[in-house]
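Q: Okay, predicted coordinates and the sequence, questions at the end:
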Amino acid sequence: MILLLDALEISADEVFCDVVKKSMDHRSSYLSDKLASLPATEKDDILDLLEHLIKQATKRAERNESLKEIDNPSKT
């Protein structure tokens with residue numbers, strides 16, 4: 001498969017981007033169904049944890065963007 005992608009000069013990301021998105025959509029839906037079946041207190045705990053993880057990921061992404069800007073300042 002790698003030889004074929006190289007011969008066509010396309011990346012695996014280009015070929016499989018829809019597959020990965022559908023897989024993530026499926027997993028999100030599956031986890032949402034599992035969450036719905038839990039008692040309210042358990043849902044709250046899990047959602048609090050998820051919110052915390054999202055905040056951490058957002059901060060990391062912002063730090064990475066800041067570092068990119070420092071490493072590659074715009075020429076304006």
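A: On my side now, so go ahead.
Q: Need the contact partners of the helix or strand of the chain at the bottom of the mean pLDDT ranking.
A: In the chain, the helix or strand scored least confidently by mean pLDDT, DSSP states H and E is helix 12-36, which has a mean of 82. The contact list for helix 12-36 (C-beta atoms under 8 Å, 6 or more residues apart in numbering) reads Leu5, Lys43, Ile46, Leu47. (C-beta placed from N, C-alpha, C; glycine too.)
Q: any idea what sits nearest the second one, other than its immediate chain neighbours?
A: Spatially, and ignoring its direct neighbours in sequence, Lys43 is nearest to Leu35 (5.9 Å; C-beta to C-beta, 6 or more residues apart in numbering).
Q: do the third one as well
A: Of all residues beyond its chain neighbours, the one nearest Ile46 is Leu35 (6.2 Å), with distances taken as C-beta to C-beta, 6+ apart.
Q: so how many other residues sit close to Ile46?
A: Neighbourhood size, Ile46 [other C-beta atoms under 10 Å]: 14.
Q: State the distance from it to Glu9.
A: To Glu9, Ile46 is 44 Å away according to C-beta to C-beta, to the nearest Å.
Q: tell me the least confident of the contacts of helix 12-36?
A: The pLDDT minimum for these sits at Leu5, where the score is 86.
Q: Chain neighbours aside, what residue packs nearest to that one?
A: Excluding its sequence neighbours, the residue lying closest to Leu5 (C-beta to C-beta, 6+ apart) is Ala12, at 6.0 Å.
Q: that older thread, so how far is the least confident helix or strand of the chain off the chain centroid?
A: Distance of helix 12-36 from the chain centroid (C-alpha atoms, centre = their mean, to the nearest Å) equals 10 Å.
Q: Same check on stretch 33-46?
A: The answer for stretch 33-46 is 22 Å, by C-alpha atoms, centre = their mean.
Q: That stretch spans what distance, first to last residue?
A: 13 Å (C-alpha to C-alpha, to the nearest Å).
Q: measure the most centrally placed residue in the chain to Asp33 for me?
A: Among the residues of the chain, the one closest to the centroid is Met24, at 8.4 Å (C-alpha atoms, centre = their mean). The gap separating Met24 from Asp33 is 15 Å, by C-beta to C-beta.
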